[in-house]
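**Student:** coords below, sequence missing:
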């Protein structure tokens, strides 16, 4: 088996975790080089990798310097969001396969830069959206493809994650998110909730998004969080642009309605709220519940029925859950995000070695990430509907749905 020489660009929390917990645990993969504008972060990761493997990756302060000097097969891009597209374009132009971490884009031109570079170079590219490999997301997608829900009418997703500490301490801990929340008001992280929905209803594969409308609440969660914390006192009166809650509605060519919610700066628990509604049934991730026509729920016993049926989706595991989840090991679960990380990187490496189509390709990346800047435009126009580009240039009509396990 051919060894894949990886570089990691961006040595923050995500880059470090993937390098140490995922890449080092994949067969015939090595980390040859690392880079970060904060050179001490790159040096620290290189030292930690040497302790684990005996080999110290070469260290650089920029992705350009790394890509100009290293003979590598692939690069994992985990920089701040503003460098994702430039780094991916630079790598593809060098013929280095790209595994790009999720995040926001800032304008339509960035999306076209990504697509045009891929179409010119044909360098392999994958958006590393791990939630597409989530247990419930893959289960329900398989059920939907089998017709269990009938015709899909509505889907919902959310990114509910209390990020107040990470955002607030960003400037002190050299993390980019503080700047993002200070400057922009939009759904800045749409792909965790939208990606699995897009795969389920065939966005870019027989279906496409037409338009979206978005509104944001006021911004006060981060200011309240900063109060009483001496080192954060300077943030208590800062005017953050980012609304605490952003709600978005998306219309699709095949008639589906999608709702998304960003919720990261108020007290909350973690949830993606993955929800599917069809003419024959529904699924709700919060309760891990699937309900279908023909299942009795009399008028007086709805609450009791719901309590009884919570987590009832487990009864569909044998028939619909993909084998990767049936055979997952404790080590894979421990490696990152409950197993999702290892699955996405195994898929990337398999496609790279065998010349297969990447499961989340450049057209998916553009379509999913464009939601960030388009929601910003809609919010600025008081919720006005904005059109969503077709980044396949009409080819979505000819692109067929992939197998569920291949997304």
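**Tutor:** Thanks, I have the structure now. Worth saying up front: this structure is predicted, and the values here are computed from it rather than measured. Numbers count the residues shown, from 1 in each chain.

**Student:** every contact and neighbour count from this point should use C-alpha atoms.
**Tutor:** Noted.

**Student:** pretty sure residue 271 is touching residue 158, no?
**Tutor:** Yes - under the criterion of CA atoms under 8 Å, residue 271 makes contact with residue 158 at 6.9 Å.

**Student:** those two: which is more packed in?
**Tutor:** Here residue 271 and residue 158 are compared on neighbour count by other CA atoms under 10 Å; more neighbours surround residue 158, at 25 against 15.

**Student:** helix, strand or coil: sort out that one for me.
**Tutor:** Here residue 158 is strand, with the state taken from DSSP: H, G, I helix; E, B strand; the rest coil.

**Student:** which strand residues bridge it?
**Tutor:** The bridge-partner assignment for residue 158, based on DSSP bridges, gives residue 261.

**Student:** ok, it touching residue 262?
**Tutor:** Yes - between residue 158 and residue 262 there is a contact at 5.9 Å, judged by CA under 8 Å.

**Student:** number of residues surrounding residue 52?
**Tutor:** By the criterion of other CA under 10 Å, residue 52 has 11 neighbours.

**Student:** so it sits in a helix?
**Tutor:** Yes - Residue 52 forms part of a helix when assessed by three-state DSSP.

**Student:** begin at 32, not 1, for the rest of this chat.
**Tutor:** Happy to do that; since the first residue is 32 now, the last one works out to residue 83.

**Student:** per-domain residue ranges of this structure.
**Tutor:** 35-154, 163-357+393-437 (automatic domain parsing).

**Student:** name the helix or strand of the chain that has the lowest mean pLDDT.
**Tutor:** Each helix and strand of the chain was given a mean pLDDT (mean pLDDT, DSSP states H and E); the minimum falls on helix 333-340 at a mean of 68.

**Student:** return the set of buried residues in the next helix or strand after it.
**Tutor:** Towards the C-terminus, the helix or strand next in line after helix 333-340, according to DSSP states H and E, is helix 348-351. Using 16 or more other CA atoms under 10 Å as the burial criterion, the residues of helix 348-351 that qualify are 348, 351.

**Student:** from the chain's centre, how far out does the helix or strand following helix 348-351 sit?
**Tutor:** The first helix or strand that comes after helix 348-351 along the chain, using DSSP H and E, is helix 354-357. Taking the mean of its C-alpha atoms, helix 354-357 sits 21 Å from the chain's own mean (CA atoms, centre = their mean, to the nearest Å).

**Student:** helices or strands up against helix 354-357?
**Tutor:** Under the contact criterion of 3 or more CA pairs under 8 Å, 6 or more residues apart in numbering; DSSP states H and E, the helices and strands touching helix 354-357 comprise an empty set.

**Student:** just the buried residues of whatever helix or strand comes next after that helix, please?
**Tutor:** The helix or strand immediately downstream of helix 354-357 is helix 361-366, counting by DSSP H and E. Buried residues in helix 361-366, counting neighbours by 16+ other CA under 10 Å, are found at 363, 366.

**Student:** outside of helix 361-366, which residues touch it?
**Tutor:** Applying CA atoms under 8 Å, 6 or more residues apart in numbering, the set of residues contacting helix 361-366 from outside is 52-53, 369-373.

**Student:** what does the helix or strand hosting residue 289 contact?
**Tutor:** Here residue 289, judged by DSSP H and E, is contained in strand 288-294. Contact with strand 288-294 is made by 184-193, 218-221, 224-225, 275-282, as judged by CA under 8 Å, 6+ apart.

**Student:** helix, strand, or coil at residue 279?
**Tutor:** Put simply, residue 279 is strand when judged by three-state DSSP.

**Student:** hmm, it is touching residue 242, no?
**Tutor:** No - contact criterion CA under 8 Å: residue 279 and residue 242 do not qualify, at 10.4 Å.

**Student:** these two - which one has more neighbours?
**Tutor:** The residue with more neighbours, out of residue 279 and residue 242 and counting by other CA under 10 Å, is residue 279; that gives 24 against 18.

**Student:** for stretch 146-164, which residues meet the burial criterion?
**Tutor:** Neighbour-count burial for stretch 146-164, with 16+ other CA under 10 Å as criterion, is recorded at 146, 148-149, 154-164.

**Student:** which of those fall in helices?
**Tutor:** Members of the buried residues of stretch 146-164 lying in helices (criterion: DSSP state H): 146, 148-149.

**Student:** one step back: what about the contacts of helix 361-366, which are in strands?
**Tutor:** With strands identified by DSSP state E, none of the entries of the contacts of helix 361-366 belong to them.

**Student:** picking that back up, which among the contacts of strand 288-294 end up buried?
**Tutor:** Among the contacts of strand 288-294, those classed as buried by 16+ other CA under 10 Å are 184-193, 218-221, 224-225, 275-282.

**Student:** from residue 399, how far out is residue 220?
**Tutor:** Residue 220 is 10 Å from residue 399, where distance means CA to CA, to the nearest Å.

**Student:** likewise for residue 73?
**Tutor:** 30 Å.

**Student:** okay, now residue 96: neighbour count?
**Tutor:** Neighbourhood size, residue 96 [other CA under 10 Å]: 12.

**Student:** and the pLDDT for it?
**Tutor:** Residue-level confidence at residue 96 comes out at 98, pLDDT.

**Student:** of the domains of the chain, which is nearest residue 385?
**Tutor:** In this view, the domains of the chain are compared for proximity to residue 385 by CA to CA, and domain 35-154 is the closest at 12.1 Å.

**Student:** what's the first-to-last distance across stretch 407-417?
**Tutor:** Stretch 407-417 has an end-to-end distance of 10 Å (CA to CA).

**Student:** in it, what's buried?
**Tutor:** Along stretch 407-417, the positions that meet the burial threshold by neighbour count (16+ other CA under 10 Å) are 407-410, 414-417.
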